[in-house]
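Q: any chance you can model this:
(one chain, ligands or ions: 2)
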Amino acid sequence: MYLLIPAAGIGKRMGSNRNKLLLKVRSQPIIAWTLLAAEAANTISWIGIISQPTDWPDFNAIIADLKLTKPVELIQGGSTRQESVYNGLQSLPVAAEQVLIHDGARCLATPDLFNSCAQAIRHCPGLIAGVSVKDTIKVVDEQGIIQETPDRRKLWAAQTPQGFDVKLLKQCHAEGVRQGWEVTDDAALFEKCGIEVRIVEGEETNLKVTTPQDLAIAEFILTTRGF
Ligand code: CTP
Ligand code: MG
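A: Ligands and ions are numbered 1, 2, ... in the order given. So this is what the prediction gives:
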């Protein structure tokens, strides 16, 4: 299975002056933990890291240090996640029929989750890892007034990995460019094009490291895993 890792963000909400994926959690940079999980997932055979060229010296040093056995390619990122994934899709080897896309910032996803998504995408056009929400979610207007309380039993928090048929995802991304759609994950493009996307049970610990508090939580989870 081919894996694309969007890693070209700036980490604004982290408040750091460099790509948050280069910040260390326990002994390793965030991106290194993500790569170690991908390396340990036996279904993954190729890894493309979508990233900004200014970060390439750091990423190359991390890759060398990890002594990964799988082929790893650096692909130039764009100014939004959507653009970054678009670039990644253009750089996939021609043999790629399906792809998993996994945020570099979700450094706690387990190899098992990669493997279950890689297995499942052989039987459907699109899927995402997700967990049912624990909080009651409110839809709120600009004045801070609640508009609606959707039925919680129908609400899922989207995670990555997200898996897709490559040909279909390329078509959906092209349609997104034509229509000017702005989305925060690839499943949303499938949904807008009317293609079914399945949920695979994700992991409660598979958080997206976004804020300084998340760094502390990630540290804690890695500690419980013995790192
Ligand atoms: N990403 C990307 N290209 C971009 C923006 C984001 O590849 N132009 C990647 C990030 O590196 C991250 C993933 O998409 O692995 C999820 O994005 P997010 O958590 O929002 O990271 P940042 O965009 O870096 O953070 P922020 O939104 O706080 O600036
Ligand atoms: Mg972002």
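
Q: every contact and neighbour count from this point should use C-alpha atoms.
A: Noted.

Q: state which strand of the protein is the longest.
A: Longest strand in the chain, counting residues (DSSP state E): strand 156-165.

Q: average pLDDT for that one?
A: Mean pLDDT, computed over strand 156-165, is 98.

Q: isn't residue 87 up against residue 79?
A: No - in this structure residue 87 lies outside contact range of residue 79 using Cα atoms under 8 Å: 10.7 Å.

Q: convert the host helix or strand of residue 36 to CSV, retaining C-alpha atoms only.
A: Element membership for residue 36, per DSSP states H and E: helix 30-40. This file holds the C-alpha atoms of helix 30-40, laid out as CSV (Å, rounded to 0.1, in the frame of the first residue of the first chain):
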residue,chain,number,x,y,z
ILE,A,30,6.8,14.2,15.9
ILE,A,31,7.3,13.2,12.3
ALA,A,32,9.7,10.4,13.4
TRP,A,33,7.0,8.7,15.5
THR,A,34,4.6,8.9,12.5
LEU,A,35,7.3,7.3,10.3
LEU,A,36,8.1,4.6,12.8
ALA,A,37,4.4,3.5,12.9
ALA,A,38,4.3,3.4,9.1
GLU,A,39,7.6,1.5,9.0
ALA,A,40,6.1,-1.1,11.5
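
Q: can you give me the strands for this structure?
A: Going by DSSP E, the chain shows strands at 2-6, 24-25, 28-29, 46-51, 72-76, 98-101, 126-132, 139-140, 146-148, 156-165, 198-201.

Q: need those strands in TSV (columns: distance to residue 218 and mean neighbour count).
A: Putting these into TSV (distance: least, Cα to Cα, whole Å; neighbours: other Cα atoms under 10 Å) gives the following:
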stretch	distance to residue 218	mean neighbour count
strand 2-6	19	26
strand 24-25	7	18
strand 28-29	12	16
strand 46-51	21	24
strand 72-76	25	20
strand 98-101	21	24
strand 126-132	18	23
strand 139-140	29	12
strand 146-148	32	11
strand 156-165	16	23
strand 198-201	20	18
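
Q: which of the ones you listed sits closest to residue 221?
A: strand 24-25 (10.3 Å; Cα to Cα).

Q: now do that closest one: distance to the chain's middle.
A: 18 Å (Cα atoms, centre = their mean, to the nearest Å).

Q: if we can go back for a sec, out of the strands of the chain, which is closest to ligand 1?
A: Closest approach to ligand 1 among the strands of the chain is made by strand 2-6 (3.5 Å; Cα to the nearest ligand atom).

Q: tell me the pLDDT of the residue positioned nearest the centre of the chain.
A: Centroid-nearest residue in the chain, with Cα atoms, centre = their mean: residue 103, separated by 2.3 Å. As predicted, residue 103 sits at a pLDDT of 98.

Q: about what we covered before: who has more neighbours out of residue 87 and residue 79?
A: The neighbour count for residue 87 versus residue 79, taken as other Cα atoms under 10 Å, is higher for residue 87 (17 against 11).

Q: state the distance from that one to residue 53.
A: 13 Å (Cα to Cα, to the nearest Å).

Q: common neighbours of those two, please.
A: residue 76 (Cα atoms under 8 Å, 6 or more residues apart in numbering).

Q: got phi/psi on the nearest residue to residue 14 once chain neighbours are set aside?
A: In space, and not counting its chain neighbours, residue 14 is closest to residue 211: 4.5 Å by Cα to Cα, 6 or more residues apart in numbering. Reported as degrees, to the nearest 10, the phi and psi values for residue 211 are phi -120, psi 170.
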